[in-house]
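**Student:** Everything below, folded, please.
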Amino acid sequence: MRLNNTRIIDLTRIIAGPFCTQLLGDLGADVIKVETPAGDPMRAQGTIKDGMSWYFASFNRNKRSVSLNMRTPQGLAVLRDMIAKSDVLVENYKAGTLAKMGFSDDVLKDINPRLIVCHISGFGKDGPYSDRPAFDFVAQAMSGFMWTNGHDGEEPLRSGLPISDLVAGLYGSLAVSAALAVPKEQRQFKSIDICLMDGLVSLLAYMGSEQLATGSALKRSGNDHPLVAPYGLYETSDGHIAVAPSNEQIFSRLLDTLGRSDLRSDPRFADNAARMQHRQEIRSELQRDFQKKTSAHWIEALNAKGVPAGPVQTVQEALDDPQVRHRDMIIDVPHPGHGTVQMLGFPIKQSIDTPLIRRPAPSIGQHTEEVLAEITRTGTSR
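**Tutor:** Prediction:
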């Protein structure tokens, strides 16, 4: 689906909301980022090169910027007019803030009966924590997500990336896209409620299902899989590789590659249940073999046999990886006055209507006059 002719009012800042609207912009929507005169705080975060935050640029591509003072009646009146003539509104203020500004869902429905509004917050619009502020770190801690990382008996570990923000942005863009799939003449006002906490709870996967099924938590197992052995990270003669023998067939291929067919007759390793009981023993057996040769040797040999395996790469190595480059996951985007900004590419590949960069990240208020002139020319609805 291409979101051409879809106007989105973007009242978001930092990560979760801007990521949501960035994805919608990548898919063709006209995203109008409404900023205060001070601008999105992310404009000043990360490394600034040639006057541009590359962090900000990547999350705010394919958007236009309108600067409004929303603390004044005039600014709110302009925003109201923009909402009346748009298809979608996305915001990630603390829950309830938009209503305090005079834009509750009831008011928004009166302004635009076909509006899709997506609220993104820490804990959602209702419940005992709805009025709490939240950041990714807090959501990781409270959702159980942080607890699943690390080793049994050691402190929990956060994800190195702002995973709850990114997941909330993904869910928001999915929900908005689904709402936009309804023909415009059939649309009714829809309020979407997305929160960081819900998003991470939904990702608990087998950790969640095992807890629900047994009442007991799976032990944290570091880089080993909590349900499958000998799935994990192994040291080679010159580094580490990730090896994922996820079923009996692939485990058998792994033994063939290592020349360890003798382990098939060992009752300790007869099936996954037995290997889980003797996880350290099977790891020790395989580790001795992996240390005899290089990572490159094993990666080639394992993949040739149909055993999923790959190197542990640094961020730079991943960005330089030939597969990543072949898939155009690093793109160069000219930003007038700021040089060329490198950013991450589009993970969605399509035979037609593929995502593309139509606009670089805007300066604060760059398109205010342009957008307001368009709003004035259009009718009460689009």
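**Student:** Beyond the helix of greatest length in the chain, next helix or strand please.
**Tutor:** Secondary structure of the chain per DSSP state H: the longest helix is helix 163-180. Next helix or strand after helix 163-180 toward the C-terminus (DSSP states H and E): strand 190-195.
**Student:** Quick one: list the elements packing against that following strand.
**Tutor:** strand 116-121, helix 163-180 (3 or more Cβ pairs under 8 Å, 6 or more residues apart in numbering; DSSP states H and E). Just so you know, the C-beta spots here come from the backbone N, C-alpha and C atoms, and that holds for glycine as well.
**Student:** returning to that earlier point: how much does the longest helix of the chain deviate in direction from strand 116-121?
**Tutor:** Helix 163-180 and strand 116-121 meet at an angle of 170 degrees, taking axes from the mean of the first three to the mean of the last three Cα atoms, to 10 degrees as the criterion.
**Student:** Just give me how far helix 163-180 sits from the chain centre.
**Tutor:** Computed by Cα atoms, centre = their mean, to the nearest Å, the chain-centroid distance of helix 163-180 equals 9 Å.
**Student:** Not counting its own residues, what contacts that helix?
**Tutor:** Outside helix 163-180, the residues within contact range by Cβ atoms under 8 Å, 6 or more residues apart in numbering are 1, 3, 6, 8, 14-24, 27, 87-88, 90, 116, 118, 120, 136, 139-140, 143, 145, 187, 190, 192, 194-197, 199-200, 202-203.
**Student:** thinking again about what came up before, turn the helices and strands packed on strand 190-195 into a markdown table, including mean neighbour count and distance to residue 238.
**Tutor:** Listed next are those as a markdown table, based on neighbours: other Cβ atoms under 10 Å; distance: least, Cβ to Cβ, whole Å:
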| stretch | mean neighbour count | distance to residue 238 |
| --- | --- | --- |
| strand 116-121 | 26 | 44 |
| helix 163-180 | 22 | 31 |
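**Student:** can I get these in a markdown table with distance to residue 345 and mean pLDDT?
**Tutor:** A markdown table is the format used below for the helices and strands packed on strand 190-195 (distance: least, Cβ to Cβ, whole Å; pLDDT from 0 to 100):
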| stretch | distance to residue 345 | mean pLDDT |
| --- | --- | --- |
| strand 116-121 | 24 | 98 |
| helix 163-180 | 16 | 98 |
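**Student:** Run through the chain and note the low-pLDDT ranges.
**Tutor:** In the predicted model of the chain, residues 1, 379-382 satisfy pLDDT under 70.
**Student:** Pick out the residue nearest the middle of it.
**Tutor:** Note on the chain: the residue nearest the mean C-alpha position is residue 166, at 3.1 Å, using Cα atoms, centre = their mean.
**Student:** How much space separates that one from residue 71?
**Tutor:** 30 Å (Cβ to Cβ, to the nearest Å).
**Student:** Likewise for residue 42?
**Tutor:** 21 Å.
**Student:** neighbour-wise, which of these two wins?
**Tutor:** Remark: of residue 42 and residue 71, residue 42 carries more neighbours, 18 against 9, as counted by other Cβ atoms under 10 Å.
**Student:** what's the more buried one sitting at in phi/psi?
**Tutor:** Main-chain dihedrals, residue 42, degrees, to the nearest 10: phi -70, psi -20.
**Student:** give the contact list for it.
**Tutor:** 13-15, 18, 53, 55-56, 59-60.
**Student:** Could you report the distance from it to residue 332?
**Tutor:** Taking Cβ to Cβ, one finds residue 42 at 21 Å from residue 332.
**Student:** wait, what's in contact with the closest residue to residue 358 other than its chain neighbours?
**Tutor:** Closest residue to residue 358 apart from its sequence neighbours, by Cβ to Cβ, 6 or more residues apart in numbering: residue 62 at 5.5 Å. Going by Cβ under 8 Å, 6+ apart, residue 62 touches 22, 25-26, 31, 357-359.
**Student:** what's the answer for residue 113, then?
**Tutor:** Counted by Cβ under 8 Å, 6+ apart, residue 113 has contacts 188-189.
**Student:** That one - that's part of a helix, no?
**Tutor:** No - checked against DSSP: H, G, I helix; E, B strand; the rest coil, residue 113 lies outside a helix; its state is coil.
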